[in-house]
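*Asks:* Quick one: sequence plus predicted model below, questions after.
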Amino acid sequence: MPITIGALRESAPGETRVSLVPEVVDKFTAAGTRVVLESGAGVRAQFPDGLYKKGEWASSSAILSQADVVLTVAPLSLEQIAQLRPGAVVIGFLQAHARQAEVKALRDRKITSFSVELIPRISRAQSMDALSSQASLAGYKAVLIAASNLEKFMPMLTTAAGTIRPSQALIIGAGVAGLQAIATARRLGAVVEAYDVRSATREQVKSLGAKFVETGVSADGAGGYARELTPEEKAKQQEALDSRIAAADAVISTASVPGRKAPVIISKAAVERMRPGSVIVDIAAEQGGNCEITKAGETVISANGVKVIGPVNLPGSLAYNASEMYARNLFNFLKPAIDKSGELKIDWNDEVFAGAVLTHDGAIKHEATRKAVEG
Ligand code: NAD
């Protein structure tokens, strides 16, 4: 029997994205599956129901109780998980570390869940990498937020009223979001500096036309990620970075270490050395923030007039493209498990499925989550 794939209108507060866009519904139906959507699923991402030509429509409870695979952006709620049929598959940003009650419910209901955050970051899985697609949107949007909050031009301008100096932008953390932020700030004409603890980023930063800030600290960790810094390394980093922070009009901070609270890199004292009117956009706000005074979802104005902006769900503020990219990531992930007759055949020897699985057959399969939840 061909499988039924369901997508709901997201119910998490502030979530504007949708897990299936019309183009991807067409691809899933062409692959022999049936797709069922909740009315209004794509409305907040500018995909009104009328644009979906191939999908069918059903209520949220009908989708949850009938679908073989439920695609979601945010984690399903406990009430939604309770309606799933045992053996169903759920795929989304399941935020295992923060949503332990939901993980337990997925385990107990014998749901096979895949968390897109866990998809291995190998070359073959790049087209499925939802962390990257969404981080790239966040890096871009953060620079636009900085530009619109600055009371300055970003580019250098030569005008009849004289020459305007370009803004100085500093990007901290040159991963996927940081590199996109560098490229965006450069396109807007800012003079850009960037910094990361991973040594491989030096060349990447330079290739985008930005200057790499040398701090003498390098902290390459496992799997191409950064490791946490020692207190001595932190002090050395801080000394070198503080003067670059003070010189910047706009700081975009994107630093994170997998599975941990974001490192605090911009101290309150460093903010107080910045010029009034300068802006910090802290993409790491939801993970605790890279700036000591960041508050997620708020703009804090420091005593010396620096705006510290802690945006939440930046990809959701570009919901159209964010949904498009995310839905394509989901299709690329699931397609290899759909056979010629539209049935689901998961190859558990495939490192992508084996790596991304969170719960299956009544057990928590992701080791770090299992330890956190079950001790
Ligand atoms: P991330 O979101 O985990 O972190 C963002 C950046 O912050 C990283 O570059 C990290 O090095 C940096 N950082 C951490 N602590 C810092 C500190 N104290 N000071 C300054 N910077 C700090 O990272 P990400 O963007 O998800 O990417 C991490 C890695 O994964 C990169 O090596 C990237 O190239 C790799 N990657 C590989 C693939 C693939 O091959 N499929 C896809 C995406 C990313």
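*Replies:* Yep, it's here.
*Asks:* What are the buried residues along stretch 308-317?
*Replies:* By 16 or more other Cβ atoms under 10 Å, the buried positions in stretch 308-317 come out as 308-311, 313-317. (Each C-beta comes from the backbone N, C-alpha and C, glycine too.)
*Asks:* what does stretch 353-363 give?
*Replies:* Those would be 353, 355-360, for stretch 353-363 by 16+ other Cβ under 10 Å.
*Asks:* chain center to it: distance?
*Replies:* Stretch 353-363 has its C-alpha centroid displaced from the chain centroid by 21 Å (Cα atoms, centre = their mean, to the nearest Å).
*Asks:* Is any residue of stretch 128-145 near the ligand?
*Replies:* Yes - using Cβ under 6 Å from any ligand atom, stretch 128-145 comes into contact with the ligand via 129, 131-132, 135.
*Asks:* Quick check: the farthest pair among the buried residues of stretch 353-363?
*Replies:* 355 and 359 (14.0 Å; Cβ to Cβ).
*Asks:* which other helices and strands contact the worst-scoring helix or strand of the chain on mean pLDDT?
*Replies:* Across the helices and strands of the chain, mean pLDDT, DSSP states H and E gives its lowest value to helix 231-247, namely a mean of 92. For helix 231-247, the packing partners by 3 or more Cβ pairs under 8 Å, 6 or more residues apart in numbering; DSSP states H and E come out as strand 168-172, strand 191-195, helix 268-272.
*Asks:* got the angle for that helix vs strand 191-195?
*Replies:* 170 degrees (axes from the mean of the first three to the mean of the last three Cα atoms, to 10 degrees).
*Asks:* Now helix 231-247: buried residues?
*Replies:* Those would be 233-234, 237-238, 241-242, 244-245, for helix 231-247 by 16+ other Cβ under 10 Å.
*Asks:* nearest to residue 222, of those?
*Replies:* residue 233 (17.0 Å).
*Asks:* right, and that closest one touches residue 217 too?
*Replies:* Yes - in terms of Cβ atoms under 8 Å, residue 233 counts as a neighbour of residue 217; the distance is 4.8 Å.
*Asks:* Specify the local secondary structure of residue 166.
*Replies:* With DSSP: H, G, I helix; E, B strand; the rest coil as the basis, residue 166 sits in coil.
*Asks:* what's the closest non-adjacent residue to residue 177?
*Replies:* The shortest distance from residue 177 to any non-neighbouring residue, by Cβ to Cβ, 6 or more residues apart in numbering, is to residue 139 (3.6 Å).
*Asks:* Likewise for residue 316?
*Replies:* Leaving aside its sequence neighbours, residue 316 is closest to residue 16 (4.5 Å, by Cβ to Cβ, 6+ apart).
*Asks:* Which single residue in the chain comes nearest to the ligand?
*Replies:* residue 175 (2.2 Å; Cβ to the nearest ligand atom).
*Asks:* Do I have it right that residue 137 meets residue 311?
*Replies:* No - Residue 137 lies out of contact with residue 311 (Cβ under 8 Å); the separation is 11.6 Å.
*Asks:* State the distance from the closest residue to residue 214 other than its chain neighbours to residue 174.
*Replies:* Spatial nearest neighbour of residue 214, chain neighbours left out: residue 240 (7.1 Å); criterion: Cβ to Cβ, 6+ apart. Counting by Cβ to Cβ, to the nearest Å, the gap from residue 240 to residue 174 is 15 Å.
*Asks:* picking that back up, columns pLDDT and distance to residue 91 on top of the residues of stretch 128-145 next to the ligand, output as TSV?
*Replies:* Putting these into TSV (pLDDT from 0 to 100; distance: Cβ to Cβ, whole Å) gives the following:
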residue	pLDDT	distance to residue 91
129	97	14
131	96	14
132	97	17
135	98	19
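*Asks:* low-confidence ranges in the stretch 1-150 of the chain?
*Replies:* Scanning the stretch 1-150 of the chain for pLDDT under 70 picks out nothing.
*Asks:* all strands of it, in order?
*Replies:* With DSSP state E, counting those that start in this stretch applied, the stretch 1-150 of the chain shows strands at 4-7, 34-38, 56-58, 69-71, 89-92, 112-115, listed in chain order.
*Asks:* In JSON lines: those strands, plus distance to residue 123 and mean neighbour count.
*Replies:* Converted to JSON lines, those look like this (distance: least, Cβ to Cβ, whole Å; neighbours: other Cβ atoms under 10 Å):
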{"stretch": "strand 4-7", "distance to residue 123": "27", "mean neighbour count": "28"}
{"stretch": "strand 34-38", "distance to residue 123": "29", "mean neighbour count": "22"}
{"stretch": "strand 56-58", "distance to residue 123": "36", "mean neighbour count": "16"}
{"stretch": "strand 69-71", "distance to residue 123": "24", "mean neighbour count": "26"}
{"stretch": "strand 89-92", "distance to residue 123": "21", "mean neighbour count": "24"}
{"stretch": "strand 112-115", "distance to residue 123": "19", "mean neighbour count": "26"}
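*Asks:* Make CSV out of those strands and add distance to the ligand.
*Replies:* Formatted as CSV, those follow (distance: least, Cβ to the nearest ligand atom, whole Å):
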stretch, distance to the ligand
strand 4-7, 25
strand 34-38, 27
strand 56-58, 34
strand 69-71, 21
strand 89-92, 18
strand 112-115, 15
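*Asks:* ok, and the closest non-adjacent residue to residue 275?
*Replies:* Nearest residue to residue 275, sequence neighbours excluded (Cβ to Cβ, 6+ apart): residue 249, at 7.2 Å.
*Asks:* And for residue 8?
*Replies:* Closest to residue 8 by Cβ to Cβ, 6+ apart is residue 38, at 4.8 Å.
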